[in-house]
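*Asks:* Build the 3D model from these lines:
(chains A, B, C and D)
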Number of protein chains: 2
Amino acid sequence: MNSAKHRPTGAAFLLAQLGAHAAGRFADRIGHLGITPAHAGILRFIARMPGLNQQRLAKFLGVLPSRMVLLIDELVDKGLVQRRRSTKDRRHSELVLTKKGERTLERLSKIVVAHEADLCGALTREERDTLARLGRKIVDHQGLTPDVHPGYRNL
Amino acid sequence: MNSAKHRPTGAAFLLAQLGAHAAGRFADRIGHLGITPAHAGILRFIARMPGLNQQRLAKFLGVLPSRMVLLIDELVDKGLVQRRRSTKDRRHSELVLTKKGERTLERLSKIVVAHEADLCGALTREERDTLARLGRKIVDHQGLTPDVHPGYRNL
DNA sequence: TATTGTTATACTCTATAACTATA
DNA sequence: TATAGTTATAGAGTATAACAATA
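*Replies:* Okay, the predicted model is just below:
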């Protein structure tokens, strides 16, 4: 591979390749918690904005409402999230983490740190900071929403 | 988002986010050619190793043989690839690009350059080189095969 | 009439395994 | 008996659209 007449792999392909790898490895790492990366992202959002409803969450992440129902169903079934009918507008369900959900989120944080350390194991601390800085620059320039994975996007 | 009590987005998530974005944008860019990123990757490999057979290609990319059949079928239907029964071992089919396939590959190269320029538009030439260098370092350290997207992996 | 949440259906994708032909 | 390629089938995932409850 990579014979002389082909140019070295470009940054765009590297990002796609590494991104898929990182996502796959992360899915492996959290598998034993019984949740997928999509669930993990939702847990984070509910923790930050407790009480938000499904439609707003769906719109924010770029998920179809019907898919969000299933995702939340699964989190409820696992005892990580609770739906509470809003008393102000009984059409809304306010989403909150259960105690178990909070503990899962704490475990997730530790997994994220380990995942990060492994994935960037080839880099010095300084290089890792540089990579993150350049990454944030691209996220900003491309108009991406920080902390929202495009894998949700189905609209 | 990103309120004070949350740490800044880590490199691993940024890679996953940007990778999915890059892959999605690339798919958009080549859509008018009537092919998917998976097809594009296969075209590149056939160009580099003309005459290779489906099983070897499938093994190299990490695709199930049955899926490779469909992918090649589609490329044949579009007139980009030709299957030739090997005269040495008639079980093998040697894969080669057609003239149209070669032209498509040239168009792909131009699209890759434009894609790269857009995606890294926020970075200076030097920053882009740094990003690619760090990316290659991680690819190597993680044991990934250069130029092979993990999206193929279904084994 | 509009909105939230939910359910039903149809469709796509693809992993598995059986099968053909060559060796 | 083993390998390359192919086909058939079944299951998972999900987009679409219809629906119920509330406003």
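
*Asks:* What sits closest to the spatially most central residue of chain A if chain neighbours are left out?
*Replies:* By CA atoms, centre = their mean, the mean C-alpha position of chain A lies nearest to residue A:41, the distance being 3.7 Å. Distances taken as CB to CB, 6 or more residues apart in numbering or on different chains place residue A:149 nearest to residue A:41, at 6.2 Å, with adjacent residues excluded. C-beta coordinates here come from the backbone N, C-alpha and C atoms, glycine included.

*Asks:* Flag the shaky bits of chain A, pLDDT-wise.
*Replies:* Counting by pLDDT under 70, chain A has low-confidence residues at A:1-6, A:155.

*Asks:* what about the strands in it?
*Replies:* Assigned by DSSP state E, chain A shows strands spanning A:81-85, A:93-97.

*Asks:* a markdown table for the ones you listed, including distance to DNA strand D and mean neighbour count?
*Replies:* Converted to a markdown table, these look like this (distance: least, CB to the nearest atom of the strand, whole Å; neighbours: other CB atoms under 10 Å in any protein chain shown):
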| stretch | distance to DNA strand D | mean neighbour count |
| --- | --- | --- |
| strand A:81-85 | 8 | 15 |
| strand A:93-97 | 11 | 19 |
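
*Asks:* would you turn the ones you listed into JSON lines with distance to residue B:93?
*Replies:* Below are the strands of chain A laid out as JSON lines (distance: least, CB to CB, whole Å):
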{"stretch": "strand A:81-85", "distance to residue B:93": "51"}
{"stretch": "strand A:93-97", "distance to residue B:93": "53"}
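
*Asks:* could those strands be laid out in a markdown table, adding distance to DNA strand C?
*Replies:* Below are the strands of chain A laid out as a markdown table (distance: least, CB to the nearest atom of the strand, whole Å):
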| stretch | distance to DNA strand C |
| --- | --- |
| strand A:81-85 | 6 |
| strand A:93-97 | 4 |
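
*Asks:* Of all those strands, which one is nearest residue B:28?
*Replies:* Closest approach to residue B:28 among those is made by strand A:93-97 (32.2 Å; CB to CB).

*Asks:* List the strands paired with the closest one, with their directions.
*Replies:* Paired neighbours of strand A:93-97 in the sheet (DSSP bridges): strand A:81-85 (antiparallel).

*Asks:* Run through who's touching the strand it pairs with.
*Replies:* A:42-43, A:46, A:51, A:72, A:75-76, A:92-98, A:101 (CB atoms under 8 Å, 6 or more residues apart in numbering or on different chains).

*Asks:* ok, now which ones touch the residue nearest to the centre of chain A?
*Replies:* Residue A:41 touches A:61, A:148-149, A:152, counting by CB under 8 Å, 6+ apart.

*Asks:* Kindly report the same for residue A:16.
*Replies:* B:19, B:22-23, B:26, B:149.

*Asks:* ok, residue A:44 to residue A:106 distance?
*Replies:* 12 Å (CB to CB, to the nearest Å).

*Asks:* more crowded one of those two?
*Replies:* residue A:44 (17 against 10; other CB atoms under 10 Å in any protein chain shown).

*Asks:* Just give me the neighbour total for the residue nearest to the more buried one when sequence neighbours are not counted.
*Replies:* With sequence-adjacent residues excluded and distances taken as CB to CB, 6+ apart, residue A:44 is closest to residue A:105, at 7.0 Å. Residues near residue A:105, counting by other CB under 10 Å, number 16.

*Asks:* Could you do the one 5 residues further on as well?
*Replies:* The burial count assigned to residue A:110 is 9, neighbours taken as other CB under 10 Å.
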